[in-house]
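>>> Can you look at this prediction? I've put the sequence above it.
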Amino acid sequence: MTAIWGILNVTPDSFSDGGRYMDADTAIARARMLRAQGAAVIDVGGESTRPGAERVSADEEQRRVLPVVEALSADGIPVSIDTLNAATAAEAVRAGARIVNDVSGGLADDGMLAAVAASDADFAIGHWRGPSSDMYAHAQYGRVAREVAGELRERVSAAAAAGIAPSRLIVDPGIGFAKSGQQNWEVLRGLDEITALGHRVLVGTSRKRFLAEVLDARAEEDAERRRDLATAVTSVLAARAGAWAVRVHDVAATRDALAVVSAWDGA
Ligand code: PMM
């Protein structure tokens, strides 16, 4: 059964939930709710990676996330830390995080692979071609799914060379990162290229712009609910295609969608 990662952005500016969970108590309450709804992991982030986002300092990032990571970990809730910074990853692991989720797969911070290697955390490697501020300049591909798989394979090799056991690695095609709407669909259609790497595959489509682009723009009501429905659909299709986990904002919708698919499959 595909696992659900519940997204908790403790940021003022994430594209869909920025500003909602800025204080630690609100964030912790939100995480507990996502957990009760069926999230296997809570993915805590303190820096927005939305297109065009500016970087925040590692100190500010840690001020946002560490109290939350510590409280959830103390409750026994599995936490992933979504960060580009080695120092934040190391501090979060010390505070109890079990997974380091780096959308750059170790490319943004030279110290990341060593920091993860020195811990016992699992490492989620995202496909990335550059900072969010100008990532679309890098959205040039021939066969996009194959190229994404090839570049992930290089990051897997770098992680292994740094001393991170392959069994600790998770790969993620980085939906929306240096990819146009059409390229995101091509990656999802070619997900077997990613599962063929032989690692656990994480897929994050939640509320991303390429979903809104395929919804009827004339139906303007309930934009967030419609993106969540679209996310539940892409998440079950990703599960069908072999994803080990999906990363979503609306855990309950994807939980229900996965239950329906598993009934269909007779599982
Ligand atoms: N997407 C965002 C942030 N972190 N982590 C992984 N592993 N995969 C993703 O696709 C991903 C991510 C985009 O921002 P959001 O937190 O607002 O959804």
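Structure's in. What do you need? Numbering: from 1, shown residues only.
>>> What are the boundaries of the helices in the stretch 51-200 of the chain?
Defined through DSSP state H, counting those that start in this stretch, the helices belonging to the stretch 51-200 of the chain, from first to last, are 58-74, 86-94, 112-117, 144-161, 181-189, 191-195.
>>> Let's have the ones you listed in TSV, adding mean neighbour count.
Quick note: C-beta positions are derived from backbone N, CA and C, even for glycine. TSV is the format used below for the helices of the stretch 51-200 of the chain (neighbours: other CB atoms under 10 Å):
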stretch	mean neighbour count
helix 58-74	20
helix 86-94	23
helix 112-117	23
helix 144-161	18
helix 181-189	18
helix 191-195	19
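>>> Could you point out which of those sits nearest the ligand?
Comparison of those against the ligand by CB to the nearest ligand atom identifies helix 181-189 as nearest, at 10.0 Å.
>>> Mind listing residues that contact the closest one?
Contact with helix 181-189 is made by 139, 141, 144-145, 148, 173, 175-176, 179, 194, 203, 205, 208-210, 213-214, 234, 237-238, 241, as judged by CB atoms under 8 Å, 6 or more residues apart in numbering.
>>> quick check, distance from it to the centre of its chain.
In terms of CA atoms, centre = their mean, to the nearest Å, the gap separating the centre of helix 181-189 from the centre of its chain is 17 Å.
>>> dump the residue contacts of the nearest residue to residue 79 once chain neighbours are set aside.
Computed as CB to CB, 6 or more residues apart in numbering, the closest residue to residue 79 that is not its neighbour in sequence is residue 97, at 4.6 Å. Residue 97 sits next to 44, 69, 73, 79, 80, 81, 89, 121 when contact means CB under 8 Å, 6+ apart.
>>> So which residues on this protein come close to the ligand?
Taking CB under 6 Å from any ligand atom as the measure of proximity, the chain contacts the ligand at 7, 9, 14-16, 45, 49, 82, 101, 103, 124, 126, 172, 174-175, 202, 204, 206, 247.
>>> Just the residues you listed: which are in strands?
The strands in this structure, assigned by DSSP state E, contain 7, 9, 45, 82, 101, 124, 126, 172, 202, 247 from the residues of the chain next to the ligand.
>>> what number of residues lie near the fourth one?
Yep, that's residue 82 we're talking about. Using other CB atoms under 10 Å, residue 82 has 29 neighbouring residues.
>>> How about the residue of the stretch 101-250 of the chain found nearest the ligand: what's its closest non-neighbour residue?
Using CB to the nearest ligand atom, the point where the stretch 101-250 of the chain gets nearest to the ligand is residue 204, with a distance of 2.6 Å. Spatially, and ignoring its direct neighbours in sequence, residue 204 is nearest to residue 247 (3.8 Å; CB to CB, 6+ apart).
>>> I figured that neighbour hits residue 45, correct?
No - between residue 247 and residue 45 there is no contact, the gap being 10.4 Å when judged by CB atoms under 8 Å.
>>> So which of these two has more stuff around it?
Each of residue 247 and residue 45 had its neighbours counted (other CB under 10 Å), and the higher figure belongs to residue 247 (27 against 23).
>>> Including mean pLDDT, could the helices of the stretch 51-200 of the chain go into a markdown table?
Rendered in a markdown table, the data for the helices of the stretch 51-200 of the chain read as follows (pLDDT from 0 to 100):
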| stretch | mean pLDDT |
| --- | --- |
| helix 58-74 | 97 |
| helix 86-94 | 98 |
| helix 112-117 | 98 |
| helix 144-161 | 98 |
| helix 181-189 | 98 |
| helix 191-195 | 98 |
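>>> Which among those helices is found nearest to residue 133?
Residue 133 lies closest, by CB to CB, to one member of these: helix 58-74, at 16.4 Å.
>>> quick one: that closest one to chain centroid distance?
Going by CA atoms, centre = their mean, where helix 58-74 is centred and where its chain is centred differ by 17 Å.
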